[in-house]
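S.K.: just to be clear, the model below is a prediction. Sequence and coordinates:
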Amino acid sequence: MLQGIGSRGRREIDARRAAPATLTLFLAPALLLYAGFTIYPVIRTFYNSVQTIGPQGQQHFVGFANFSALLQTDFVFWKAVGNTALFTIVATIADVFGGLLLALVLFARAPLAPLLRIVWFTPVLMSYVVVGIIWVWIYDYDWGLANQVLRAIGLGAFEQSWLGDPHTALWSVMATHVWKWLGFNMIIFLAALYALPGEVLGAAELDNCGWAAKLVYIIIPMLRPTVVNLLVLSFIGKMMVFDLIWIMTGGGPLWSTETVSTYVYKRAFDWNTFDLGYPSAVAVLWFIIILAFIVLMTRLLRQHDRLEF
Amino acid sequence: MAVVAIDGLGKRYPGSSEPAVEDFTLTIGDGEFMVLLGPSGCGKSSVLRMIAGLEPITTGTIAIDGRVVNQVPAKERDIAMVFQSYALYPHMDVFNNLAFGLRRRSVPAAEIDRRVRQAADKLGLTPYLRRKPHALSGGQRQRVALGRAIVREPKVFLFDEPLSNLDAALRVSTRNELIRQQHEIGITTIYVTHDQVEAMTMGHRICIMDKGEVVQIGAPLEVYRSPANTFVARFLGNPPMNLVPIELGQSSGRLGNVDIPLRSWSPRALGHARTVLLGIRPEDLYETPPRPGDDLVPIAMQVSAVEPLGAETLLVLTLDDGTTDIIARVGRDTRLRIGERATVLLDTTAVHLFDPTTTRVIPRDLP
Amino acid sequence: MWRRTPLLLFVLLYTVVSGGPFIWVAVMSVRTTPEIFASPYALPSRFHWEKFVQAWAHSNYSTYFWNSIIVVSTAVVLITIFGAMAAHCLARYRFRGNRPIRFLILSGMILPPQLLILSLFQILLDYHLYNTLTGLILVYVAGHLAMTVYILEGFFAQIPQDLFDAARMDGYGDFEIFWRITLPVGAPALFTTVTLNFIVLWNEFLYAVVLLTEDDKRTLPLGIMHFMGSHQLDVGMVATGLMIAITPVIVLYALFSDTMIRGMTAGAVR
């Protein structure tokens, strides 16, 4: 009896320790939900990727057949991989460096900077559905703003069916995506710029350093960690791009905007081939590739910095 | 009102080879103001946190009024603590900061209100009861932290360097305030500090710690007058005690080319030692004789620095060996200048001797 | 002054590019479709406010709106409470398993939704939660715990330990300390995660489109898509629908722009 009280008391003595029951109560709700709706689905998707699952849920083991079909004969998948890669690389670079440009403009004491910062951030808050529908209109052949502007400035020859032409569709969606996310990167860079030590910038001024030189030799190198952070963050996000493409083009025309994510969705829920096994294999393969990229980029870009995002 | 008895207390943090506290034994009497003094990392804060119940005890026991509290959680020990950072609850106003500890103890609301207002009144916090901590000055925050301990009316007060975040002037006034409060309330108090002035002025007794162990316990002046080893000798007093190696002769020691008579030590006390450390407090060196007598020995040295402090002047004197510096505290009207040769008088009845290998004091054994 | 002209031009241009589309939709929302087709970029000749009543009444807009309110607010409350509990536990206590549990939860931030969505579809069918708002709420909560715990844990870890020690000496237990110290002191971080989760979930599309199919279960983003589908040619009406969807966000943004910006970027700064 006495011993029981003693051992219970002992845990409460240390300010940084708590009884196992206390720890469990704190962690249980989060961990249970996380286990049931995140860990279990991940495991089940891995399991599904080596199965064929029929419309009534009947499934049988097929080994790596899904993966080999995917890698060897599925030209849509490879098309989607190519599109996703192009989208990821171009949009990431445009996002991060565009955001940096906007941040520098505001940092250079543009008039109304505090207000502009809020206005320029607005697209980040809007849902993909809203942004997608607005930009479908902007890209409309007949009355869309894009063609109207071209006609107005005498470049009518360049007017396009932006989303209808396989050559321009991916680039058009990409432009919308960049438009939506530029403000996000801008805010992060702006925060990083204001966090730069004032003495260093002041010292550069004393050294008679011009704006351009200050930018190249002082500001950009000091922002390096932020640039790397945002590149990785943006890269991961874009490898999973789905919503905007699904809303604007549905992956068409002629698979010209198909990404891995839209393809997974289509194979699972949109095509008549009701089989969750095959798209699971696509998702698993793509996750492994994303993971490899995260590890690779972390190793290459961060040197000894800690992974943070 | 309580007696705190600490017996053989030890603390070892996991992953650390050296114990943070070792064989710490100390009894603090009812109503006593005990100061734990030592440099940072000496283990004094660990002792305090173990008394508070915030840190588990590795070995030994802590008893409050005869009841061993090793296994008693902090909230049941009836102890209040004032933290170095004050640890005021930033989201509560002063009133609620003071009342927070009482609410949990099912004190009636009217009684809480009475006690909080009484403490606020005593500490001059009444105008600030509805302010949040961020709207208070450093000194006011310190008083809220103190008030939070007072309203609890606990058995024991613990203070963890409560004055170290205040500026110098405020520190002196708050120190006096604390002494007055403790005297009025009369609650057993354990006060941790690394500041020897605080220790000397505040404590009924001082417990000096070094490297996790107790070095000396005693009343402030007693410890100052007879330090147990070179660590205490150097730690108490500003500037610290001069320690100079001397060659021993027959009942005297040789400092440079001067013989220092050591009449209070028998040859037996000095044993076989050839060299000992001579300890001289800066105030035991004089420019002019303070009294007639043959126990003042003149020593001629080079003046290498003069530091006038206003009320007094410090002289840095260099022995003829050219390497040993001795600091002397002399009157403010000294005319000595750098580079001059000076003869100061050493009061040989006030010197201390220390064993250079054990660093312990060699006690006087003759009247 | 001349040196700054290119800068000013750029500022003006980008302001038009970033804000213009919303102004355009706002203008179209009070014009009729024939007016719009006659001249897509003209200002309204007459304000057709009745279109808002029409859009609200003649489609299921009120249902979509309330579904979104229910799903998002329930999910945000649960994420905040559960996330804060877990974050407090991970930030405050040392225990065996602390690091693995932290790693497990935080690794959720890099999981692509596609990896989860296929089997979540099956799992919700198994649990009889498919096509229910409850199912979507649970999926949302689980999916956004990682980022929430990440942000809150970082903030809670910076609350000085002395505060917790003081509360302990004042007689409070673990759960009271969480409730009376961590939550109030951590309020700024809680506001941030609430904002972040609110905006992200209010706009969420992928999980909703897979897990909800019945019309009266749809959340706002699905509702707009559906509305768009059934009013394909009625551009004016769709614009009105869009305005209904974005107005709450715009109003909140006008009031709390700094909080919302901090919320949306919370995971990336630090």
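M.R.: Arrived safely, thanks for sending. Residues are numbered from 1 along each chain as shown, chains lettered A, B, ... in the order given.
S.K.: nearest residue to the middle of chain B?
M.R.: Per CA atoms, centre = their mean, the C-alpha nearest to the average position across chain B is that of B:Ala199, at 3.3 Å.
S.K.: for residue 146, what are phi and psi?
M.R.: All of this is about chain A. The phi/psi pair for A:Ala146 (degrees, to the nearest 10) reads phi -60, psi -50.
S.K.: please refer instead to chain C.
M.R.: According to degrees, to the nearest 10, C:Ala146 has phi -60, psi -50.
S.K.: before we move on, what about the one 10 residues further on?
M.R.: Main-chain torsions, C:Phe156, degrees, to the nearest 10: phi -60, psi -30.
S.K.: next up, the contacts around the residue nearest to it when sequence neighbours are not counted.
M.R.: Distance criterion CB to CB, 6 or more residues apart in numbering or on different chains; nearest residue to C:Phe156, sequence neighbours excluded, is C:Ala91 at 3.9 Å. In short, each C-beta sits where N, CA and C put it, glycine included. C:Ala91 makes contact with C:Leu152, C:Glu153, C:Phe156, C:Ala157, C:Ile159, according to CB atoms under 8 Å, 6 or more residues apart in numbering or on different chains.
S.K.: how about 7 Å then?
M.R.: Going by CB atoms under 7 Å, 6 or more residues apart in numbering or on different chains, C:Ala91 touches C:Glu153, C:Phe156, C:Ala157.
S.K.: wait, doesn't B:Val69 sit right on B:Ile57?
M.R.: No: using CB atoms under 7 Å, B:Val69 is not in contact with B:Ile57, being 9.3 Å away.
S.K.: quick one, grab the pLDDT at residue 227.
M.R.: Reading this off chain A. Turning to A:Val227, the model gives it a pLDDT of 88.
S.K.: oops, wrong one, chain C.
M.R.: Listed pLDDT for C:Phe227 reads 84.
S.K.: how many residues are close by it?
M.R.: Applying other CB atoms under 10 Å in any protein chain shown, we find 25 residues neighbouring C:Phe227.
S.K.: which secondary structure element is home to it?
M.R.: Here C:Phe227, judged by DSSP states H and E, is contained in helix C:220-230.
S.K.: so how far is that helix from its chain's centroid?
M.R.: Centroid displacement of helix C:220-230 relative to its chain, using CA atoms, centre = their mean, to the nearest Å, is 18 Å.
S.K.: is any part of the one helix or strand A:Trp171 maps to close to chain C?
M.R.: Counting by DSSP H and E, the element that carries A:Trp171 is helix A:169-195. Yes: using CB under 7 Å from any CB of the partner chain, helix A:169-195 comes into contact with chain C via A:Gly183, A:Phe184, A:Ile187, A:Ile188, A:Ala191.
S.K.: any idea of the mean pLDDT in that helix?
M.R.: Taken as a whole, helix A:169-195 has a mean pLDDT of 91.
S.K.: what of stretch C:166-174?
M.R.: Stretch C:166-174 shows a mean pLDDT of 90 in the predicted model.
S.K.: start to end distance for that stretch?
M.R.: From its first residue to its last, stretch C:166-174 covers 13 Å (CA to CA, to the nearest Å).
S.K.: strands of the stretch 201-350 of chain B, residue ranges please.
M.R.: Per DSSP state E, counting those that start in this stretch, the stretch 201-350 of chain B carries strands over the ranges B:205-210, B:213-218, B:242-248, B:252-255, B:258-261, B:275-280, B:285-286, B:296-308, B:312-318, B:325-331, B:341-347.
S.K.: the second one pairs with which strands?
M.R.: Taking DSSP bridges as the criterion, strand B:213-218 pairs within the sheet with strand B:205-210 (antiparallel).
S.K.: most tightly packed of the strands of the stretch 201-350 of chain B?
M.R.: Stretch with highest mean neighbour count among the strands of the stretch 201-350 of chain B: strand B:205-210 (a mean of 24; mean count of other CB atoms under 10 Å in any protein chain shown).
S.K.: hey, C-alpha coordinates of it in PDB?
M.R.: Provided in PDB are the C-alpha atoms of strand B:205-210 (Å, rounded to 0.1, in the frame of the first residue of the first chain):
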ATOM      1  CA  ARG B 205      23.700  31.500   8.000                       C
ATOM      2  CA  ILE B 206      25.500  30.800   4.800                       C
ATOM      3  CA  CYS B 207      26.100  27.400   3.300                       C
ATOM      4  CA  ILE B 208      28.900  27.600   0.700                       C
ATOM      5  CA  MET B 209      28.900  25.000  -2.000                       C
ATOM      6  CA  ASP B 210      31.500  24.000  -4.600                       C
END
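S.K.: about what we covered before: my read: the residue nearest to the centre of chain B touches B:Ile206, true?
M.R.: Yes: counting by CB under 7 Å, B:Ile206 is a contact partner of B:Ala199 at 5.0 Å.
S.K.: return every residue with contacts to both of those two.
M.R.: Taking CB under 7 Å, 6+ apart as the criterion, B:Ala199 and B:Ile206 both touch B:Val35, B:Leu37, B:Pro220.
S.K.: quick one: which of the residues you listed is most hemmed in?
M.R.: Ranked by neighbour count under the definition other CB under 10 Å, the shared contacts of B:Ala199 and B:Ile206 are headed by B:Leu37 with 28 neighbours.
S.K.: returning to that earlier point: quick one: which of the shared contacts of B:Ala199 and B:Ile206 sit in helices?
M.R.: Mapping those onto helices (DSSP state H) picks out B:Pro220.
S.K.: quick one: secondary structure of C:Tyr41?
M.R.: Using DSSP: H, G, I helix; E, B strand; the rest coil, the secondary structure recorded for C:Tyr41 is coil.
S.K.: what's around it, how many residues?
M.R.: Neighbourhood size, C:Tyr41 [other CB under 10 Å]: 11.
S.K.: re the thing from before, ok, then the element right after the helix holding A:Trp171?
M.R.: Per DSSP H and E, the first helix or strand lying C-terminal to helix A:169-195 is helix A:198-206.
S.K.: give me the buried positions along that following helix.
M.R.: Judged by neighbour count using 16 or more other CB atoms under 10 Å in any protein chain shown, the buried positions of helix A:198-206 are A:Ala204.
S.K.: any chance you could list what contacts the next helix-or-strand element following it?
M.R.: Using DSSP H and E, the helix or strand that follows helix A:198-206 towards the C-terminus is helix A:211-214. Residues outside helix A:211-214 that contact it (CB under 7 Å, 6+ apart) are A:Ala204.
S.K.: sorry, back to before: looking at the shared contacts of B:Ala199 and B:Ile206, which one is closest to B:Phe83?
M.R.: B:Val35 (16.9 Å; CB to CB).
S.K.: contacts only, for that closest one.
M.R.: By CB under 7 Å, 6+ apart, the contact set of B:Val35 is B:Tyr191, B:Thr193, B:Ala199, B:Met202, B:Gly203, B:Ile206, B:Cys207.
S.K.: where's the last one relative to chain A, distance?
M.R.: Going back to what we said before, that points to B:Cys207. From B:Cys207 across to chain A, the span is 23 Å (CB to the nearest CB, to the nearest Å).
S.K.: skipping its backbone neighbours, what lies nearest B:Phe354 in space?
M.R.: Nearest non-adjacent residue to B:Phe354, counting by CB to CB, 6+ apart: B:Leu277, 4.1 Å away.
S.K.: tell me the residues of chain B that contact chain C?
M.R.: Residues of chain B lying near chain C (CB under 7 Å from any CB): B:52, B:54, B:74-75, B:79-81, B:83, B:85, B:87, B:89-91, B:100-101, B:104-105.
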